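> starting from these lines, generate the structure:
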Amino acid sequence: MKTDYEAIIGLETHCQLNTASKIFCGCSTHFDSPPNTNVCPVCLGYPGVLPVLNEAVLAAAVKLGLALDGKIAPYSKFDRKQYFYPDLPKNYQISQYDLPIVEHGKLEIELVDKKTKAVSRKTIGVTRVHMEEDAGKLVHAGSDRLAGSTHSLVDFNRTGVPLLEIVSEPDLRSGQEAAEYAQSLRQLVRYLGVSDGNMQEGSLRCDVNISVRPRGEKEFGVKVEIKNMNSFSAIQKAIEHEIERQIEALENGEAIIQETRLWEEGSQRTISMRKKEGSSDYRYFPEPDLPPLEVTEAQKEAWRADLPELPAPKRRRYEAEFGLSPYDARVLTEDREVAEYFERAAAAGASAKLLANWITQDIAAYLNAQKLTITELPLQPAQLAELVALIESGAISGKIAKEILPELLEKGGSPQKLVEAKGMTQLSDPAALAEVIAQVIAAHPKELEKFRSGKGNMKGFFVGQVMKQTGGRADPKLTNQLLDEQLAALGN
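This is a model prediction of the structure:
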């Protein structure tokens, strides 16, 4: 009988902040600048230069700590993390070691059942958040810039770009949970406005620590780190592969060694990179060129006042205030700007459920196809509310709404005026509609005979003919009611 194993997973996430300048100097943080143009003696580590902390970095760290419900350190400091690599001009990185700015936080994640859309929630502990500077970037042979070359070059533009490192507790148990944690973290930094969280540009980089142990054991297994994952799906796949690899090795009597492995996208596997370093290898000591940090209660409360409503409480409010399902609340709150659009439309008085359906389905599909954000949409929230109100009042049908939606999405404007200009108001006069139904029944005696003989599905045929004759303007509910009455009378 095979041993039942469980995975123990923790994430170390580096989040690049969207400050205009670097963490310890005034150089630009612009992403796509020509190589080695956003540099100066400070970020290049010239002798005799002194770093100065960018206050916007501290503000972002404290805001994230508050959003994670973490403990903000009243006293913290910077440390030198020493290692030798070509992209590190000082041969050390300024980071935080034993006194980080934030400790003991937590982050709620949601797991969705793809079949039922049922949502379950889990809280993941956050060990710490600390500030540090980024290293440079090596451009290797074979890249576009070095086509045909046999060597690598270094671009120091990224050196000194501010990072927050967020370290989770080992509370994750699957690739799905880890990917969801990373997405929830990206959502949070976007809500706070401190980072764009773009994994493709390296604004959010995740390293996974993973081990397996027989279920029920308290001791952790040997930890392996995985790097080089540039998407949430890659995080999930890499973890699932590594869990299988470690279990298979243990079942075959092999030892797991503590190492760093890379996720190889092409072959969908992890490969060994190097033996994992310990903290003693970095020879940390306090940074002598930067004074310790003290965060006062007044500063902390001022930054707390800047926080927006956060995703988790917003989801719960949508469920309580608007009566939305956990799934709809989740989809609407994934993006802060979408949530704000929804709330402005709901404030105009339209049905929250109908608004949610239009935003998460038709509008979302349009934005995705056109590669637009909702803030670029010509259709304003009040105009969408007007469209939904027309449907609710019976002035137009859902079918008519879908017909005019493309023009509204491209140009905006009043749905009421557009409906009137096109003569598309819903036909809901009982007398006029009854006359149309009578004409349709009279024009199709063979179909009427089939209905009388017990073929109930012929009712759908008559509804379709009424819709065809009225150009889709017939009120569906009233049409069905009046058709039932006339067919029942003819059946006698």
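
> name the next helix or strand following whichever strand in the chain runs longest along the chain.
Longest strand in the chain, counting residues (DSSP state E): strand 119-133. Later in the chain than strand 119-133, the nearest helix or strand by DSSP states H and E is strand 137-139.

> okay, now the sheet partners of that following strand, with direction.
Neighbouring strands of strand 137-139 in its sheet, by DSSP bridges, are strand 153-155 (antiparallel).

> how far does the strand it pairs with sit from the chain's center?
Taking CA atoms, centre = their mean, to the nearest Å, one finds strand 153-155 lying 32 Å from the centre of the chain it belongs to.

> equivalent analysis for stretch 16-28, please.
With CA atoms, centre = their mean, you get 24 Å for stretch 16-28.

> picking up where we left off before, ok, and for the longest strand of the chain, which residues are buried?
Buried residues in strand 119-133, counted by 16 or more other CB atoms under 10 Å: Val119, Ile124, Gly125, Val126, Thr127, Arg128, Val129, His130, Met131, Glu132, Glu133. Glycine gets a C-beta too; all of them are placed from N, C-alpha and C.

> same question, stretch 69-78
Residues Gly70, Ile72, Ala73, Ser76, Lys77, Phe78 are the ones in stretch 69-78 that count as buried (16+ other CB under 10 Å).

> what sits against Leu487?
Ile441, Leu448, Phe451, Lys459, Phe462 (CB atoms under 8 Å, 6 or more residues apart in numbering).

> which SSE is it in?
Per DSSP H and E: Leu487 is located in helix 476-491.

> export that helix as CSV, just CAs?
C-alpha atoms of helix 476-491 as CSV (Å, rounded to 0.1, in the frame of the first residue of the first chain):
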residue,chain,number,x,y,z
PRO,A,476,-41.8,37.4,-24.4
LYS,A,477,-43.8,37.0,-21.2
LEU,A,478,-46.9,38.6,-22.6
THR,A,479,-46.6,36.7,-25.8
ASN,A,480,-46.5,33.3,-24.1
GLN,A,481,-49.5,34.3,-21.9
LEU,A,482,-51.7,35.5,-24.8
LEU,A,483,-50.6,32.6,-27.0
ASP,A,484,-51.6,30.1,-24.3
GLU,A,485,-55.0,31.7,-24.1
GLN,A,486,-55.7,31.7,-27.9
LEU,A,487,-54.4,28.1,-28.3
ALA,A,488,-56.5,26.9,-25.4
ALA,A,489,-59.6,28.5,-26.9
LEU,A,490,-58.9,27.0,-30.4
GLY,A,491,-58.2,23.6,-28.8
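
> contact partners of stretch 389-406?
By CB under 8 Å, 6+ apart, the list of residues contacting stretch 389-406 from outside reads 349-351, 354, 362, 366, 387, 415-416, 418-419, 422, 424-426, 428, 467, 472-476.

> of the residues you listed, buried ones?
By neighbour count, with 16+ other CB under 10 Å, those hold 350-351, 354, 366, 387, 415-416, 418-419, 424, 426, 428, 467, 472-476 as buried.

> domain parsing of this structure, as residue ranges.
As given by automatic domain parsing, the domain ranges for the chain are 5-302, 309-422, 430-491.

> by mean pLDDT, show me the worst of the ones you listed.
Ranked by mean pLDDT, the domains of the chain end with domain 430-491 in last place, scoring a mean of 78.

> how far is that one from where the chain is centred?
Taking CA atoms, centre = their mean, the mean C-alpha location of domain 430-491 is offset from the chain mean by 48 Å.

> again, but for stretch 417-429
Per CA atoms, centre = their mean, the centroid offset for stretch 417-429 relative to its chain is 39 Å.

> what comes into contact with that stretch?
Stretch 417-429 is contacted from outside by 390, 394-397, 400, 403-404, 407-408, 433, 436, 470-471, 473-475, 478, using CB under 8 Å, 6+ apart.

> equivalent analysis for stretch 443-460, please.
Ile441, Phe461, Phe462, Gln465, Leu483, Asp484, Leu487, Leu490, Gly491.

> buried ones among those residues?
Buried members of those, counted by 16+ other CB under 10 Å: Ile441, Phe461, Phe462, Gln465, Leu483, Leu487.

> the fifth one: what's it in contact with?
What it means is Leu483. With contact set as CB under 8 Å, 6+ apart, Leu483 has these partners: Ile437, Lys459, Phe462, Val463, Val466.

> what about 7 Å?
Counting by CB atoms under 7 Å, 6 or more residues apart in numbering, Leu483 touches Ile437, Lys459, Phe462, Val463.

> which PyMOL command selects the buried ones in those residues?
Here is the PyMOL command that selects the buried residues among the contacts of Leu483 (16+ other CB under 10 Å):
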select buried, resi 437+462+463
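
> now go through the contacts of Leu483 and say which are in helices.
Assignment to helices by DSSP state H places the following of the contacts of Leu483 there: Ile437, Lys459, Phe462, Val463.

> which elements pack onto the longest strand of the chain?
Packing partners of strand 119-133 (3 or more CB pairs under 7 Å, 6 or more residues apart in numbering; DSSP states H and E): helix 55-67, strand 92-95, strand 102-112, strand 162-168, helix 326-333.

> what's the second one in contact with?
In this case it means strand 92-95. Applying CB under 7 Å, 6+ apart, the contact partners of strand 92-95 are Phe24, Pro51, Phe78, Asp79, Arg80, Lys81, Gln82, His130, Glu132, Glu133, Ala135, Glu287.

> could you do the fourth one as well?
Counting by CB under 7 Å, 6+ apart, strand 162-168 makes contact with 10-17, 19, 22-23, 54, 57, 60-61, 64, 124-134, 181, 185, all of which sit outside it.

> then the first one?
When contacts are defined by CB under 7 Å, 6+ apart, helix 55-67 is touched by residues 17, 19, 23, 72, 101-102, 105, 129, 131, 162, 164, 188-189, 192, 194, 293, 295, 300, 303-304, 306-307, 310.

> and these, which are buried?
Neighbour counting by 16+ other CB under 10 Å classes 17, 19, 23, 72, 101-102, 105, 129, 131, 162, 164, 188-189, 192, 194, 293, 295, 300, 303, 310 among the contacts of helix 55-67 as buried.
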